[in-house]
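Participant: got a structure for you, letters missing:
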DNA sequence: GTGAAAGCGCTAACAG
DNA sequence: CTGTTAGCGCTTTCAC
């Protein structure tokens, strides 16, 4: 309600002096500082962020763009980012945007319009090069965009190795895995390619099973699992993203196939849903918390004009023993 | 990059004229409009939201305060709110705040500092009356705050009735239910009170089982389920929030208790995790999407100075048959 | 140390 | 219909 002018008047000083004490910049005598602080207290004054931003040319806000906030992976990511950003005094704006819906425009607009100081984008490959005009800070999670934009991701190769090892130790001879052209399961791409390659090199056959999700929707996962089992293919193991594997578990159970004795299941991402499930799904776990923290730190560094040490941050994954492999 | 002045110059008109065409307010001749639009196009101009806000005294942003964005209920809520708000041209700022962490300050600050035009708060009871100075728009989800603040919630009584009916139909004689003093499972409070009351009135015994979660953490749910089964109490049914029930399923399985023949399980909330689980958990489902939409609409209405029809919006719940009851 | 003054980019009367 | 003139609330030289 009250503005810097009110404070200045009440403290019998000028606006600039008030500004000085607010921002702890420059020297102010102990005496006047007291007066100003009292006035601020009395008026319950808080600086108008819009005005500050207009003047300082920043908004104190970061946008986080994800395909779907309700997806376990992304909701955990958003949580982590938000927490870290809050520590650095930044607010988090969320944009739950499907790939197609002219996300492209958004990015530029938000940057251009000074709504946000930077963008953390997860699960989208956007062609920012077309808009070199917008030179705001950008960080990508799990997606390579270009040499100018730092990327942070889990170590998918390590993940593939770990998953492969679990399956091989369990004596799998023929493993099915979902290959999605999905909006959402972005990381599964490279993970899938790699596990295929690794398993082959170890003499294990693979059954790639194409699939196309459009949204994070239980039914789609269930259906694709059904299709896999109906396909006539034989396999003694399946590896895929959490939801797919949960769906496979259901399908296997329904068909009287016992897990893990007849069929091994390994999931990637290892979000909480694999832990709340009975039996617990054997998984390779993405360090979502760390990924978020890293992305947040990178954005903040960029905004502080710090040179980034590197443009690619690959974080180690871990495993969860579980009871399905 | 370019400002309204640049556009004005290039189009050989004044700032105000440019402003008029941007805001489609007032009359502008077809001719000058064209000129201005061309200039805008040429300069790739987008109005600075901060400046607009400073002038118009609004930010175009709404804050959504939830205890934990990664919780299935809240992430779904946030998603719904964000989508609806986006349609109305509002951005969504998320604040994942635990009850204790001086959330109180935040609210006021965000409103006072003009960072947001309104707040949708879910799962917190905040004493805004202390800060009557901040008269921004506020909507509460699932929590009564005071007569001035509209609330939207699921019909917990109906939910309790439905859950009770499921259990009674399944011949339960003695039902355990979790009573949480939780930060997060806010809605469970009134649901629990009611189901207790209803079951009793139908001659079914109940076993209230106290529990205190602090965060959305798988382990805590698992532990409380363990405790329940270890307590020595006998029961042939359990009702509680999704995660608790999933944990009970695990515990029952581990102890060789067969569900649903020996033990019936019914969960409330009915988020996607009950559907991804095998067997599907019999649940009463909260209309999270509608709740979010309603809350978003209420905030927008308030900002448009529309009189609200009522201060309490109770939305109907539904059931999901499932295989655990 | 502190104040005056200009300016950030836009909106909103009010003339003309 | 369009331009002039004030602000919105804060920051930031630059004198004093």
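Facilitator: Done, it's in. On a predicted model such as this, the values are computed, not experimentally measured, just so you know. Numbers count the residues shown, from 1 in each chain, chains lettered A, B, ... in the order given.

Participant: residue ranges with poor pLDDT in the stretch 101-250 of chain A?
Facilitator: Along the stretch 101-250 of chain A, the parts satisfying pLDDT under 70 run over A:101-105, A:125-135, A:180-188, A:212-216.

Participant: show me where it has helices.
Facilitator: Assigned by DSSP state H, counting those that start in this stretch, the stretch 101-250 of chain A shows helices spanning A:103-112, A:156-169, A:188-201, A:218-230, A:242-254.

Participant: winner for burial among those?
Facilitator: Among these, ranked by average contacts under mean count of other Cβ atoms under 10 Å in any protein chain shown, first place goes to helix A:242-254 (a mean of 24). C-beta here means a position set from N, CA and C on the backbone, and glycine is covered the same way.

Participant: quick one: residues contacting whichever residue of the stretch 101-250 of chain A sits closest to DNA strand D.
Facilitator: Nearest residue of the stretch 101-250 of chain A to DNA strand D: residue A:114, at 12.4 Å (Cβ to the nearest atom of the strand). Each residue near residue A:114 by Cβ atoms under 8 Å, 6 or more residues apart in numbering or on different chains is listed here: A:53, A:57-59, B:48-50.

Participant: which of those count as buried?
Facilitator: Neighbour counting by 16 or more other Cβ atoms under 10 Å in any protein chain shown classes A:53, A:58-59, B:48-50 among the contacts of residue A:114 as buried.

Participant: now render the helices of the stretch 101-250 of chain A as JSON lines, adding distance to chain B.
Facilitator: What follows is these, written out as JSON lines (distance: least, Cβ to the nearest Cβ, whole Å):
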{"stretch": "helix A:103-112", "distance to chain B": "5"}
{"stretch": "helix A:156-169", "distance to chain B": "20"}
{"stretch": "helix A:188-201", "distance to chain B": "17"}
{"stretch": "helix A:218-230", "distance to chain B": "5"}
{"stretch": "helix A:242-254", "distance to chain B": "4"}
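
Participant: nearest to residue A:26 among those helices would be which one?
Facilitator: Checking those against residue A:26 by Cβ to Cβ gives helix A:103-112 as the closest, at 30.8 Å.

Participant: so who does residue A:299 touch?
Facilitator: So residue A:299 contacts A:62, A:85, A:118-120, A:137-139 (Cβ under 8 Å, 6+ apart).

Participant: secondary structure class for it?
Facilitator: helix (DSSP: H, G, I helix; E, B strand; the rest coil).

Participant: how near is it to residue A:136?
Facilitator: The spacing between residue A:299 and residue A:136, counted by Cβ to Cβ, to the nearest Å, is 10 Å.

Participant: near the closest residue to residue A:110 other than its chain neighbours, how many other residues are there?
Facilitator: Spatially, and ignoring its direct neighbours in sequence, residue A:110 is nearest to residue A:116 (4.9 Å; Cβ to Cβ, 6 or more residues apart in numbering or on different chains). Neighbourhood size, residue A:116 [other Cβ atoms under 10 Å in any protein chain shown]: 28.

Participant: that older thread, any shared contact partners between residue A:299 and residue A:136?
Facilitator: Jointly contacting residue A:299 and residue A:136 under the rule Cβ under 8 Å, 6+ apart are A:118-119.

Participant: so is stretch A:18-38 next to DNA strand C?
Facilitator: Yes - counting by Cβ under 7 Å from any atom of the strand, DNA strand C has neighbours in stretch A:18-38: A:20, A:26-29, A:31-33.

Participant: list the buried residues for that stretch?
Facilitator: Buried residues in stretch A:18-38, defined by neighbour count with 16+ other Cβ under 10 Å: A:18-22, A:28, A:32-33, A:35-36.

Participant: also stretch A:301-309?
Facilitator: A:301-303.

Participant: Three-state assignment for residue A:268, please.
Facilitator: Recorded secondary structure, residue A:268: strand (three-state DSSP).

Participant: give me the distance between residue A:114 and DNA strand C.
Facilitator: 8 Å (Cβ to the nearest atom of the strand, to the nearest Å).

Participant: hmm, I typed the wrong one, I wanted residue A:50.
Facilitator: 9 Å.

Participant: what separates that residue from residue B:52, distance-wise?
Facilitator: Residue A:50 is 9 Å from residue B:52, by Cβ to Cβ.

Participant: over to residue A:136?
Facilitator: Taking Cβ to Cβ, one finds residue A:136 at 18 Å from residue B:52.

Participant: could you do residue A:225 as well?
Facilitator: 50 Å.

Participant: return the subset of the contacts of residue A:299 lying in strands.
Facilitator: Among those, the members found in strands (DSSP state E) are A:62, A:118-120, A:137-139.

Participant: and the most centrally placed residue in chain A, what element?
Facilitator: Closest residue to the average C-alpha location of chain A: residue A:77 at 4.1 Å, with Cα atoms, centre = their mean. In this assignment (DSSP states H and E), residue A:77 forms part of helix A:72-87.

Participant: and the contacts of that helix?
Facilitator: In contact with helix A:72-87 (Cβ under 8 Å, 6+ apart) are residues A:62, A:64, A:66-69, A:91-92, A:94, A:120, A:122-123, A:141, A:184, A:242, A:269, A:271-273, A:286, A:288-293, A:295-297, A:299-300, B:68-72, B:75, B:94-96.

Participant: please list only the buried members of those.
Facilitator: By 16+ other Cβ under 10 Å, the contacts of helix A:72-87 give A:62, A:64, A:66-69, A:91-92, A:94, A:120, A:122-123, A:141, A:184, A:242, A:269, A:271-273, A:286, A:288-289, A:291-293, A:295-297, A:299-300, B:68-72, B:75, B:94-96 as buried.

Participant: among those residues, which lie within strands?
Facilitator: Members of the buried ones among the contacts of helix A:72-87 lying in strands (criterion: DSSP E): A:62, A:64, A:66, A:91-92, A:94, A:120, A:122, A:141, A:269, B:94-96.

Participant: specify which member of the residues you listed is nearest to residue B:189.
Facilitator: Nearest to residue B:189 among those, with distances taken as Cβ to Cβ, is residue B:96, at 20.9 Å.

Participant: return the residues of chain A in contact with DNA strand D.
Facilitator: Near DNA strand D, when you scan chain A using Cβ under 7 Å from any atom of the strand, you find A:3-5, A:15-16, A:19-20, A:22-23, A:25, A:45, A:47-48, A:51-52, A:54-56.

Participant: tell me which two in the contacts of residue A:299 are the farthest apart.
Facilitator: Maximum distance among these (Cβ to Cβ): 14.7 Å, for A:85 and A:138.

Participant: circling back to that earlier point, adding pLDDT and distance to chain B, write the buried residues of stretch A:301-309 out as TSV.
Facilitator: Listed next are the buried residues of stretch A:301-309 as TSV, based on pLDDT from 0 to 100; distance: Cβ to the nearest Cβ, whole Å:
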residue	pLDDT	distance to chain B
A:301	96	22
A:302	94	18
A:303	94	16
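
Participant: now, among those residues, which is nearest to residue B:254?
Facilitator: Nearest to residue B:254 among the buried residues of stretch A:301-309, with distances taken as Cβ to Cβ, is residue A:301, at 47.1 Å.

Participant: got the phi and psi for the closest residue to the closest one other than its chain neighbours?
Facilitator: Closest residue to residue A:301 apart from its sequence neighbours, by Cβ to Cβ, 6+ apart: residue A:308 at 6.2 Å. As for residue A:308, its main-chain torsions (degrees, to the nearest 10) stand at phi -80, psi 140.
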